[in-house]
Structure formats: structure tokens, C-alpha cells
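1. Next one to model:
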Amino acid sequence: MKQIPLNNNKSLGKRIFRQRYLLFMALPAVVWMIVFNYIPMYGIIIAFKQYRIIKPISAAPWVGLAHFKELFSEGDFAMVMKNTLGMGFLRLFVGFPLPILFALFLNELGNIRFKKAVQTISYLPHFLSWVVLGGIMMNWLGDVGIFNEILLKLGIIDKARFFLAEPESFWGIVVISDIWKELGWGAIIYLAAMAGISPALYEAATVDGANRWHKMLHITLPSIMPTISILLILAISGILTTNFDQILVLRNAANQTASDVIDIFVYRVGFRMNRFSYAQAISLFKSVVALILLLGANQFSKKTQGHSLF
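-> Predicted coordinates:
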């Protein structure tokens with residue numbers, strides 16, 4: 001039997017007409033993305049120019065890869081990369097698994113009221129800015145802060161220490177404080193994924209004699225693995241992205257050797273030295289590395305797990 005070819009243009013037009021109200025609702029977001037995300041991408045070219053803010057971008061002379069050559073020969077670049085990668089890997093290996101574990105154990109709580117209370121308390125710090133949390137951390141970690149009092153009474157230290165003035169302690173402070181702020185919020189997406197697991201799977205496992213630990217390992221964890229894979233890909237691609245607000249609040253002259261990261265370096269070069277082309281070159285380098293990491297992590301996840309962003 002001969003099939004009649006469909007008129008794709010007519011079919012597309014009908015679908016657009018049927019969904020016109022949804023498209024109108026999405027239109028402001030699309031316009032916002034174009035105006036604030038795509039049009040400003042034209043400014044990337046200043047990384048290859050000697051741009052001055054008093055002149056338009058088109059009038060700036062081309063310098064090619066001069067800013068990138070300067071970046072790789074910069075004396076502080078090695079220290080900046082070491083700090084950025086150090087905190088990035090710590091966040092990845094320590095900060096990424098903890099929300100998963102927290103969500104798994106929270107999902108096992110039988111008392112609903114207690115479960116909601118724990119979840120609410122855990123994600124409340126997310127809604128506080130780093131300006132507020134930074135002040136709290138400075139008080140707690142000061143030489144007369146609560147941490148010094150506890151450690152002195154336990155006999156762990158002999159005299160009070162100002163932890164934020166110690167470069168060797170800065171990475172740990174940043175990672176631990178970031179986990180404290182984002183642990184509960186990061187677990188929400190995993191709890192949402194767990195809510196979609198069929199109860200019949202747990203009932204069948206119970207009949208087979210599985211305990212709660214077996215259900216967690218063989219039902220819950222595999223069921224949320226696609227979500228974990230997607231978020232892991234995004235986390236790997238953002239390994240060079242540090243929390244600018246957090247670092248800016250917690251850094252000082254004493255811990256500068258451990259707190260100087262790419263985002264702080266861009267801020268210092270761009271806004272304090274007014275070297276916008278150089279700052280753009282650093283940001284472009286960071287974006288290219290993030291893209292390479294994203295594509296690599298996505299391909300690796302697709303081949304090993306069967307889950308990927310695209």
C-alpha cells in the first residue's frame with residue numbers, strides 16, 4: 001500500500017498554532033537569553049584586541065594571541081591554577097558524593113515529620129548569602145571563636161589559632177563551608193528522582209528477603225544513576241569554576257597564596273588594573289577548558305554508563 005507523504009511544513013505550522021500559548025509564555029525567557037547570553041558573546045573578541053573602555057570594541061587594535069602568551073608566562077599563573085584545581089578536585093571528590101549519601105539516608109527515614117525537619121534545616125543555609133555566612137565563619141574561626149574554644153578544651157591545640165590566616169587550612173575551610181551551605185539543597189534533586197521509583201520494586205525486594213541496605217544499593221542507587229551521571233558531567237565541566245563570592249569574603253592578605261584562583265585573578269586584573277582584554281583572555285581560556293571537560297565527561301559517561309547530556 002502506497003503511503004501518502006506528510007506535509008512537514010503544514011504539520012509544523014499546526015503544532016505551532018496548537019501550542020501558541022505555551023510559546024508565548026516561553027518567549028520572554030528566550031528573549032532574555034538572547035539579549036543577556038548570546039548578544040554579549042560579541043565581546044569575546046576583545047581577548048584578541050587591545051581594548052580600552054573609552055573606545056568602542058571595533059576601534060581597538062588587534063593583538064592576536066598576545067594576551068594568551070602573557071597569561072601562560074605569568075609568574076602567578078601556576079599558583080592560580082594550583083589553587084583553582086586543588087579546590088575544584090576537593091569539591092568534586094568530597095562535595096559531590098555527600099549530597100547523594102545524604103539523600104539516600106534521608107530517604108530511608110520512616111518518620112515523615114522528622115524527615116521534613118531534617119531536610120528543612122539542612123537546606124536553610126542555601127538561602128543565606130556568602131556575605132552573611134562569611135561573617136559567621138570569621139567569627140567561628142577567629143582566635144576567640146567557638147572552634148578554638150572547643151579545640152582548647154579538648155586539648156587538641158595548645159594555643160588559639162586564626163584559621164583563616166593559615167594558607168594550609170584555607171582549602172579545607174572553603175570546601176567544608178561550601179558543603180555546609182549546599183548539602184541539603186543539593187540533595188533535593190536526588191530526593192525528587194527517588195520519588196519517581198516504583199514502590200512495586202521495593203515490595204518485590206521485600207518478598208525476596210532484601211533488607212533496607214540491599215534495597216538502597218540495588219534499587220534506589222541504580223534508579224537515580226542517570227541523574228547522578230548528568231550532575232557529575234556538569235560538576236566535572238565546572239571544575240575550574242570556584243565560588244567567587246565565597247572566596248572573596250574569606251580571603252585575606254595572609255591566605256592569599258592559597259586563595260588566589262582564576263575568578264579572583266580575573267576580577268583583580270579586569271576591575272582593579274582595568275586590563276579588560278587580558279581578563280577576557282583568561283575567562284576565554286577557562287571557558288575553552290570547561291568545554292573540553294564537558295565533552296570528554298559526556299563522551300565517557302555515554303560509553304560507560306549509557307547516560308549523557310547529548
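2. G306 belongs to a helix?
-> No. Counting by DSSP: H, G, I helix; E, B strand; the rest coil, G306 is not part of a helix but coil.
3. now it: how far from Q299?
-> Remark: distance between G306 and Q299 (CB to CB, to the nearest Å) = 12 Å. For glycine as for every other residue, the C-beta is placed from the backbone atoms N, C-alpha and C.
4. Would you work out how far apart the start and end of stretch 302-310 are?
-> End-to-end distance of stretch 302-310 (CA to CA, to the nearest Å): 9 Å.
5. now what about that stretch, what contacts it?
-> Applying CB atoms under 8 Å, 6 or more residues apart in numbering, the contact partners of stretch 302-310 are M225, P226, S229, I230, I233, L234, L294, N298, Q299, S301.
6. let's see it at 7 Å
-> M225, P226, S229, I230, I233, N298, S301 (CB atoms under 7 Å, 6 or more residues apart in numbering).
7. K115 and L109 touch, don't they?
-> Yes. Taking CB atoms under 7 Å as the definition, K115 is a contact partner of L109 at 4.1 Å.
8. hang on, the earlier thing: any chance you could list residues touching both of G306 and Q299?
-> Common neighbours of G306 and Q299 (CB under 7 Å, 6+ apart) do not exist.
9. So W185 sits against Y123, correct?
-> Yes. With contact defined as CB under 7 Å, W185 and Y123 form a contacting pair (4.5 Å).
10. Buried residues, stretch 127-137. List them.
-> W130, L133, G134, M137 (16 or more other CB atoms under 10 Å).
11. Buried ones in the lowest-mean-pLDDT helix or strand in the chain, by neighbour count?
-> Every helix and strand of the chain was ranked by mean pLDDT, DSSP states H and E. The lowest is helix 8-18, at a mean of 77. Neighbour counts over helix 8-18 (16+ other CB under 10 Å) mark no residue as buried.
12. Please enumerate residues in contact with it?
-> So helix 8-18 is in contact with L23, going by CB under 7 Å, 6+ apart.
13. next one: stretch 71-80
-> In contact with stretch 71-80 (CB under 7 Å, 6+ apart) are residues T257, D260, V261, I262, F265, A281, I282, F285.
14. Could you rerun that using 8 Å?
-> With CB under 8 Å, 6+ apart as the test, stretch 71-80 has contacts from T257, D260, V261, I262, F265, Y278, A281, I282, F285.
15. Helices - which of the residues you listed land there?
-> Among the contacts of stretch 71-80, the members falling in helices (DSSP state H) are T257, I262, F265, Y278, A281, I282, F285.
16. Throw the buried residues of stretch 127-137 into TSV and include distance to A195, thanks.
-> Shown next, in TSV, are the buried residues of stretch 127-137 (distance: CB to CB, whole Å):
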residue	distance to A195
W130	30
L133	29
G134	34
M137	34
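17. Near the closest residue to S169 other than its chain neighbours, how many other residues are there?
-> Distances taken as CB to CB, 6 or more residues apart in numbering place F163 nearest to S169, at 4.9 Å, with adjacent residues excluded. If you count neighbours by other CB atoms under 10 Å, F163 ends up with 22.
18. Check the one 4 residues further on too.
-> Around P167 there are 14 other residues, counting by other CB under 10 Å.
19. gap between it and H126?
-> Counting by CB to CB, the gap from P167 to H126 is 28 Å.
20. Domain boundaries for the chain, per the record?
-> The record's domain parsing of the chain by automatic domain parsing lists 1-37, 76-277.
21. Let me know which of the ones you listed is the nearest to Q50.
-> domain 76-277 (5.9 Å; CB to CB).
22. re earlier: from the contacts of stretch 302-310, pick the one nearest F48.
-> N298 (28.1 Å).
23. Provide the secondary structure category for that closest one.
-> helix.
24. Can you give me the neighbour number for it?
-> For N298, using other CB under 10 Å, the count is 20.
25. Need the pLDDT of it.
-> On pLDDT, N298 comes in at 92.
26. what's the answer for the one 10 residues further on, then?
-> pLDDT, the model's per-residue confidence, is 82 for S308.
27. burial of it, as a residue count?
-> 16.
28. go on, N243?
-> N243 is flanked by 19 other residues according to other CB under 10 Å.
29. Likewise for the one 4 residues further on?
-> Here the count is done by other CB under 10 Å, and I247 has 22 residues near it.
30. Same check on N37?
-> Residues near N37, counting by other CB under 10 Å: 9.
31. where's Y190 relative to F105, distance?
-> For Y190, the distance to F105 - CB to CB - is 11 Å.
32. out of the two, which sits in the busier spot?
-> Neighbour totals were compared for Y190 and F105, and Y190 leads with 22 against 12 (other CB under 10 Å).
33. What helix or strand is that one located in?
-> helix 167-195 (DSSP states H and E).
34. Any buried residues in that helix, and which?
-> Result for helix 167-195 [16+ other CB under 10 Å]: buried residues 169-171, 173-175, 177-179, 181-184, 186-187, 189-191, 193-194.
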